[in-house]
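Q: Following is a predicted model, sequence given first.
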Amino acid sequence: MPSVCLYFQVHQPLRLRRYSFFDVGHTHDYEDGTENRRILDRVARKCYLPTNTLLLKLIEEQGGKFRIAFSLSGTVLDQIERSRPDVLASFQRLAATGCVEFLNETDSHSLAFLFSPKEFKAQVLMHRARIRALFGRDGRTFRHTELIYSNALASAVEKLGYAVILAEGTEKILGQRSPNHLYRPAGCGKLKLLLRNYRLSDDVAFRFSDRNWAEYPLTAAKYAHWLHRIRREESVVSLFMDYETFGEHQWEETGIFTFLSALPGEILRHPEFEFRTPAEVASDRHPAGEIDCPEFISWADEQRDTTAWLGNAMQQDAAHTLYKMESAIRKGGDEDLLKRWRMLQTSDHFYYMCTKWFSDGDVHRYFNPYESPYEAYINYMNVIDDLSQSIKGTKGESP
Amino acid sequence: MHILMFGWEFPPRISGGLGTACFGITKGLAGLGHRITFVLPQAEAISPPFLNLVPAYAMPVDAADLGEGEPVPRRRLAVRPIPALLNPYLSKDRYRELALSGRSGFRESAVVYGHDLIAEVTRYGQAACTIARRASFDIIHAHDWMTVPAALCARRISGKPLVLHIHSLEYDRSGDSADGEILKIEQAGLEQADRLIAVSHRTKRMIVERYGIPPQKVSVVYNAVSRNEAQRIYRTERPGKNRFVLFLGRITFQKGPDYFVEAAARVLKVLPDVTFVMAGAGNMMRQMIERVGELKIGDRFHFTGFLQGEEIERIFSLSDLYVMPSVSEPFGISPLEAMLYDVPVILSRQSGVAEILKHALKVDFWDIRELSAKIIAVLKHPALRGVMVEKAKEELLTIRWDTAAERITELYRETVQSGNGRQMSY
C-alpha cells in the first residue's frame, strides 16, 4: 500500500527595496527590510505559528504515525533568525519530535545549478551545515528551488551524497507511468527520485477554496478517500506544496486548518496507510524504474519548465549579468560582497520579471511587489550595477 | 442606425488626438453598418460661399482618404463641413490671435466671424442646427465642448437622444485657470446629454467629481489606434549610436513639456550622447527653448515645430523612446502610435491610456527623478526595450476601433431604448 509523503516548502525571499539608478554608487543597502519584516510577521501570524502548533499537536496525537518534511530556504531562515526566534523555536520543537525531516536545498533559493555548478555546490553545503546546526541532522533528501530537476542535476546531487531527490511528477518525464512510485534518475546508481503527485497536491494548494471546482468543498474524509482508492501496488503518494498554503494562500476562513487537522486521522483510518518522510520512503522502497529527464523541468505553471524565471530577454540578461560576476566576487574575497551577490540569486527576483501572465493581470500579481515586470528588471539591474561597481572598487556613473 | 455626428477633422488634415479619435470611431461605426452624417467645422474658405450654411454639398468621403485598404462604403458616410473658425485645440487667446493675424484659414473669414471664440462656437451651433433640421437620424453623437451648442440644438429640434463623448475637459486643458464660459458650456452638455461617454475612468471620475454628474450616466469607452502597416512609408530605422528620445504633442501646460526638459538635463549628465526631440508647437514653446538654453543642453535638444502626416511617421521611426509626461491626459492616443513604430513608451500615470497599457513604463508626471531613471533604463538595457516592444505588439492587437465602435453601438441602443416614445428609423 502507498505511503503518504507530505513535504512543505517554507520560503520567503529577501525583497529588494526601490533602488533607483541615482542610488547606484551611493547606497549599498539593497533590501527592503521594512516590507520583508511586515510580510514575515503576517505569514508567521497567519501560517507558520498556527500551522506548526497544529502539526505538533497532530504528531503527538498520532504517537509518531504522522510524519512530515519541511524545506526551509536560507532566505527565510535569515529572516526568522534575525527577527522571529519564536518561529524558529516552533520549527525546532517539531524537529524534536523525531517525526519531521528537514530537507536540503540551495541556501539562497537560487538557480545556481543552471549557471554555476561550483556556486551550486557551495550553496548546498552551506544549507546542509545550517540545517544540521539548527535542527540536529544532516539532510538526506535534496530538493531544488521550484522543484527544478534534470538528469545532470540528479548526478550532481548524487555526488553530494544524498539518498533521494524530489521532482515534479509531470507527464513530460513520466509518459504513461504513475507518479506514485519511487524511481531511479537516469545516470544515477544510488540516488532515488520521488515525484510530486501534482493533481492531489494542487487539490489542496490551489483548488481547496475554489467555489467553481466540482469537488468544492473539499473535506479531509473525501480527500482521504481519494488516497485510499490508489492502487495497492503503487508505493508512495507525494504531496508537495508551499507551506504558506495553510493560512496565507488559503485563508483560515476557507476551512483549511479544519481540513489539515482532520487529515492524518482520516488517512490513517485505513490500516494499511502510513506517513513516511522522503528519506524514509527512499530507504524502505526500491525504484520501480528509471526516469530520463534531459531538459530542466519544474513545478511551475502549465509548462513545467524554467520559463517563469528565465523565459524572456530581461530575465536572461539579469541572470547572466549576475553570474558573470562570480569570478570577480570570489577573487575579491570580500564576504560582504559575496553575501550580497548570493542574496541577488534568489529565484523570486527573476520571477518578478516574468511577462507570461502579466498581460492577463492574474493571480501571480498578488505575489509580486512590483507594478510590472519592467519595474522589477530595472530595479534589479540598478542593484546589480551597484554591486558591479562595488566589486571594481570604483564609484560614479556607469558607462 | 443613422447617426448625426458632430465631429472634428478628417484625414489627411489631422492635427491631434481628437481628430484621430473621431475618425477611428466613425470608421468603426460605418464598418458595423451604421449610416453617419458627419458635421465638422472647417476653417478654410470654401465654395460655395461660407455664408451659405445649408449643406450645399454633401461631400462623400473618398475611399482613399479612409485608408487602410478597407474603404467605408461611401453611402454610409456623408461629410458636411460647416465653415467655421474652429479647431479642437483653440483657446480664447489663441482664437483672437489667429483671427487678428489673418493666418491660414482665418484670413478671409475673420471679418465675418468676429473675434470671440465663444461667439464662434455659438454661431457654429446655429449653423449645425440647420443641418439637423433637414437630416433624418436616430441619435446624435457629439465630441467635446465646442460641439455642445450644436448638439443641444439638434437634440431640441429633433427630439432624438444625444450622446456626448468627452475626450478632454477644460480642467485637463487649463488646470486651475479653467475658463468660466467654457465650463458653463461643458456643464450644460454634460447635464443635458442623454448619455455620456468618457475616454477613460480618469475622465469619468472628473466628470462625476467636478461636474456633479451621476456616475451611472457615464460609460467608459477607450480609444484605440489604426494600424496602417501597409501604407507605412518609413520603416523603423534607428541609426546605431545616435539615440533619440521623443516628446510629441502640443507644447502646453497639459502635456507637461517642462518635465521632459528637466528630465533630459538629468539624463544627459549620465548619457551625454542622447538626443532629445520636442515635436509640436504651443504656448509654452518659447519658455521651453529658454529653459533648454539655461540648462545648456541645446546641442542635444531639438525643437521641430508643428509636425504633420509623414513628418510624424518619420519622427516616430527615428525614435528610440517616446515619453508622454502629461499633467492631465484624458486618454492619449499618441503612445499607441509610437508603439506601432516599435518605440517603447514611458507614460504619465495621470493619463487615461495608462489604464489600458500594461507594456509601457509609468511615472507620475512630476517625478522628474523617476522619469530620468526610466529613460536611462530603456536606453541602457536593450533587453528591456526588446521585451517591451515585443509585448506591446501583442497588446496593440487588442486595442481596436472596431471594439470601441461595438461598445458605442451598445450604448446607442440602450440610449435609444430608454428614450420615451422615441422612434427608430432604419
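A: Right, received. Where do you want to start? Numbering: from 1, shown residues only, chains lettered A, B, ... in the order given.
Q: Surely A:Ala376 touches A:Asp348?
A: No - counting by CB atoms under 8 Å, A:Ala376 does not reach A:Asp348; the two are 9.7 Å apart. From N, CA and C alone the C-beta is placed, and that goes for glycine too.
Q: Nearest to chain A: which residue in the stretch 301-426 of chain B?
A: Going by CB to the nearest CB, chain A is nearest to B:Ala383 of the stretch 301-426 of chain B, at 3.8 Å.
Q: any idea how far B:Asp320 is from that residue?
A: According to CB to CB, to the nearest Å, B:Ala383 and B:Asp320 sit 14 Å apart.
Q: Counting neighbours, go ahead and name the busier of A:Ala376 and A:Asp348.
A: Between A:Ala376 and A:Asp348, A:Ala376 has the larger neighbour count (other CB atoms under 10 Å in any protein chain shown), namely 25 against 22.
Q: burial count for the closest residue to chain B within the stretch 251-399 of chain A?
A: Using CB to the nearest CB, the closest approach of the stretch 251-399 of chain A to chain B is made by A:Asp317 at 3.8 Å. A:Asp317 has 21 neighbours, counted by other CB under 10 Å.
Q: That one is in what secondary structure piece?
A: helix A:313-324 (DSSP states H and E).
Q: Same question for that helix: list its buried residues.
A: The neighbour-count check on helix A:313-324 (16 or more other CB atoms under 10 Å in any protein chain shown) flags A:313-315, A:317-319, A:321-323 as buried.
Q: Which residues does the helix or strand just after it contact?
A: Downstream of helix A:313-324, the next assigned helix or strand under DSSP H and E is helix A:326-332. Applying CB atoms under 8 Å, 6 or more residues apart in numbering or on different chains, the contact partners of helix A:326-332 are A:116, A:118-119, A:337-338, A:341, A:391-392.
Q: what about the residue nearest to A:Ala279 when sequence neighbours are not counted, distance to A:Glu280?
A: Among residues not flanking A:Ala279 along the chain, A:Arg140 sits closest, at 3.9 Å (CB to CB, 6 or more residues apart in numbering or on different chains). Going from A:Arg140 to A:Glu280 by CB to CB gives 9 Å.
Q: Equivalent analysis for B:Gly305, please.
A: For B:Gly305, the distance to A:Glu280 (CB to CB) stands at 79 Å.
Q: between those two, which one's more packed in?
A: Shown here are B:Gly305 and A:Glu280; by other CB under 10 Å, A:Glu280 has more neighbours (21 against 11).
Q: contacting residues for the nearest residue to the more buried one once chain neighbours are set aside?
A: Nearest residue to A:Glu280 in three dimensions, chain neighbours excluded: A:Arg67, at 7.0 Å (CB to CB, 6+ apart). Shown in contact with A:Arg67 (CB under 8 Å, 6+ apart): A:6, A:59, A:99-101, A:275-277, A:280.
Q: Next: B:Leu336.
A: Counting by CB under 8 Å, 6+ apart, B:Leu336 touches B:223-225, B:353, B:357, B:396, B:399.
Q: State the helix or strand in which it lies.
A: Here B:Leu336 sits within helix B:334-340, counting by DSSP H and E.
Q: Kindly report the same for B:His302.
A: Assigning secondary structure by DSSP H and E places B:His302 in strand B:301-305.
Q: which other residues reach that strand?
A: B:261, B:264, B:275-281, B:285, B:288-289, B:292, B:311, B:315.
Q: Now do that strand: distance to the chain's middle.
A: Mean-position distance between strand B:301-305 and its chain equals 22 Å (CA atoms, centre = their mean, to the nearest Å).
Q: mind listing what it pairs with, with the direction of each?
A: Taking DSSP bridges as the criterion, strand B:301-305 forms sheet pairs with strand B:274-279 (parallel).
Q: sorry, back to before: what's the mean pLDDT across the helix holding A:Asp317?
A: Regarding helix A:313-324, the rounded mean pLDDT is 97.
Q: do stretch B:280-298 as well
A: pLDDT averaged over stretch B:280-298 gives 95.
Q: same check, this time on stretch A:182-191
A: Mean pLDDT, stretch A:182-191: 96.
Q: List the buried residues in that stretch.
A: By neighbour count on 16+ other CB under 10 Å, the buried set for stretch A:182-191 is A:182-186, A:188, A:191.
Q: quick one on the thing from earlier: residues touching the closest residue to the residue of the stretch 301-426 of chain B closest to chain A other than its chain neighbours, list them.
A: Closest residue to B:Ala383 in three dimensions, ignoring its sequence neighbours and counting by CB to CB, 6+ apart: A:Asp317, at 3.8 Å. Counting by CB under 8 Å, 6+ apart, A:Asp317 touches A:377, A:381, B:381, B:383.
Q: just to revisit the earlier point, distance from the helix holding B:Leu336 to the middle of the chain?
A: Remark: helix B:334-340 is offset 13 Å from the chain centroid, using CA atoms, centre = their mean.
Q: could I have it exported to PDB, CA atoms only?
A: Taking Å, rounded to 0.1, in the frame of the first residue of the first chain, the C-alpha atoms of helix B:334-340 are listed here in PDB:
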ATOM      1  CA  SER B 334       0.000  59.000 -29.400                       C
ATOM      2  CA  PRO B 335       1.700  56.400 -27.200                       C
ATOM      3  CA  LEU B 336      -0.300  53.800 -29.200                       C
ATOM      4  CA  GLU B 337       1.000  55.300 -32.400                       C
ATOM      5  CA  ALA B 338       4.600  55.200 -31.100                       C
ATOM      6  CA  MET B 339       4.100  51.600 -30.200                       C
ATOM      7  CA  LEU B 340       3.100  50.900 -33.800                       C
END
